[in-house]
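Trainee: sequence and computational prediction follow.
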Amino acid sequence: MAYVRTMTFVVPPERTKELQPGHNLFMAAVSGTQIVAQNTPGFHRGGVWMQNLPQGSIKVVTVTQWYGLSDIDAYASTPMIRDFESDVARYHSTPVIEVYEVLS
């Protein structure tokens, strides 16, 4: 079985410029999380989606797919991922982390 881990958070309107290429939030969300995943055993694939919300906020969803739950644990306990999630909670919104089993 494969498993998917998602992390969803909302960037408020006054901070959405931080999601432009070259800014730290953009680089951490789009590149950093995926680089860490690619260097963690058990990674299958991943991506990042951003959705403009009506009030000017942006919803960000990072998705990684894994071969096992222990692989997700290894990824989630990586210092860069823990720091990223902590910073998101401090400066943007509380991240919602969910794990799903992929049925085939």
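Mentor: That came through, no problem. Residues are numbered from 1 along each chain as shown.

Trainee: residues in contact with the residue nearest the centre of the chain?
Mentor: With distances taken as Cα atoms, centre = their mean, Thr62 lies nearest the centre of the chain, 3.2 Å away. Counting by Cβ atoms under 8 Å, 6 or more residues apart in numbering, Thr62 touches Thr6, Met7, Thr8, Ala29, Thr33, Gly46, Gly47, Val48. Just so you know, the C-beta spots here come from the backbone N, C-alpha and C atoms, and that holds for glycine as well.

Trainee: roughly how far apart are it and Ala29?
Mentor: 6 Å (Cβ to Cβ, to the nearest Å).

Trainee: before we move on, what about Pro54?
Mentor: 21 Å.

Trainee: show me which of the two is the more surrounded one.
Mentor: Between Pro54 and Ala29, counted using other Cβ atoms under 10 Å, the more crowded position is Ala29 (23 against 5).

Trainee: from Thr8, how far out is the closest residue to Asn24 other than its chain neighbours?
Mentor: Closest residue in space to Asn24, ignoring its immediate chain neighbours: Glu18 at 7.0 Å, by Cβ to Cβ, 6 or more residues apart in numbering. Distance, Glu18 to Thr8, by Cβ to Cβ: 17 Å.
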